[in-house]
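>>> This is the structure alone, sequence omitted:
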Ligand code: SF4
Ligand code: SF4
């Protein structure tokens, strides 16, 4: 008897829209900061360098030492408080838009799509027997992932040793043991997490999905499917709408599931595995556009706001016999 269900590979469909644009803006911004900071100087000193060997930390023009670790502690406490507050207000918005794992996964998936094609093409490729073209595509994809992972590993080490020295020592194979360890460990983590583990990191490894259960409440903005508007699903036509008090706007196309990086069906209700990336909102809004219905069947809303709206809609329909 199997105790654990086997993992089904998720083939995420690409989507476009307002939230996707913001997610990509965040990818660019965070990566410009991550890859750019080690190259910048301030008054002849690195802008950000944690020189552990010399116990000197260059932080935006300040030279700090171990005696200043109180500032680091204060900064970490502030970050935790701000992160907690953001979760109370808009649930896992950090996870969906700015978390390094989400950002790397987005970039890795972009590479995968460019080489192996869209969702259906990737499914067909995986089901096809091994052949030269399949091998070439897989080798190209993994080669690109390894190069990107190596570059992120080098950049990470560049926060502890001047980046030009890191690059020179890497090219001449003169890196020290700790630098090799940092490069390989960070690079391997990026490759394994963004290339292979993906949604399993968010679901099982990251504490955020557990913390969300205690930090959110009925007033927290979460990605929500408007059941009142959508159900019963898959029945939308002019005749059935005329005889039903609800809109039946969900055409049961399942696009919201196909674009979800966790394979969630948001229509089953809010799931704490949801990272709040809003890809399902964008996908559903495109469908609503096509069928001429207003957007927002899936949207950011608090549970209380949705319930209030439904109560307000339910009063007139019960008052007149439920006909409208
Ligand atoms: S994308 Fe919208 S219309 Fe399609 S199944 Fe999901 S909720 Fe229904
Ligand atoms: S349910 Fe929607 S918001 Fe949540 S992870 Fe899936 S696509 Fe993103």
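Happy to help now that I have it. Values in this document were obtained by computation on a predicted structure and should not be read as measured data. Numbers count the residues shown, from 1 in each chain. Ligands and ions are numbered 1, 2, ... in the order given.
>>> Report the secondary structure state of residue 187.
Here residue 187 takes the helix state, with states given by DSSP: H, G, I helix; E, B strand; the rest coil.
>>> and what of residue 253?
Put simply, residue 253 is coil when judged by three-state DSSP.
>>> ok, now which ones touch the nearest residue to it once chain neighbours are set aside?
The spatially closest residue to residue 253, leaving aside those adjacent along the chain, is residue 287, at 5.7 Å (CB to CB, 6 or more residues apart in numbering). Every C-beta, even on glycine, is put in place using the N, C-alpha and C of the backbone. Neighbour list for residue 287: 251, 253, 255 [criterion: CB atoms under 8 Å, 6 or more residues apart in numbering].
>>> and the residue in the stretch 51-200 of the chain that ligand 1 sits nearest to, how many neighbours does it have?
Nearest to ligand 1 in the stretch 51-200 of the chain, going by CB to the nearest ligand atom, is residue 119, at a distance of 14.4 Å. If you count neighbours by other CB atoms under 10 Å, residue 119 ends up with 16.
>>> before we move on, what about the one 5 residues further on?
Neighbour count of residue 124, defined by other CB under 10 Å: 11.
>>> before we move on, the earlier item: how much space separates the residue nearest to residue 253 from residue 93?
Computed as CB to CB, to the nearest Å, the residue 287 to residue 93 distance reads 23 Å.
>>> related to what we said a few turns ago, let me know the pLDDT of the residue nearest to residue 253.
Residue 287 carries a pLDDT value of 96.
>>> Look up how far ligand 1 lies from it.
Between residue 287 and ligand 1 the computed distance is 5 Å (CB to the nearest ligand atom, to the nearest Å).
>>> buried sites along the one helix or strand that residue maps to?
Element membership for residue 287, per DSSP states H and E: helix 279-291. Residues 279, 280, 281, 282, 283, 284, 285, 286, 287, 288 are the ones in helix 279-291 that count as buried (16 or more other CB atoms under 10 Å).
>>> With distance to ligand 2 as extra columns, can I get the residues you listed in JSON lines?
Putting those into JSON lines (distance: CB to the nearest ligand atom, whole Å) gives the following:
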{"residue": "279", "distance to ligand 2": "4"}
{"residue": "280", "distance to ligand 2": "3"}
{"residue": "281", "distance to ligand 2": "7"}
{"residue": "282", "distance to ligand 2": "9"}
{"residue": "283", "distance to ligand 2": "8"}
{"residue": "284", "distance to ligand 2": "9"}
{"residue": "285", "distance to ligand 2": "12"}
{"residue": "286", "distance to ligand 2": "13"}
{"residue": "287", "distance to ligand 2": "14"}
{"residue": "288", "distance to ligand 2": "15"}
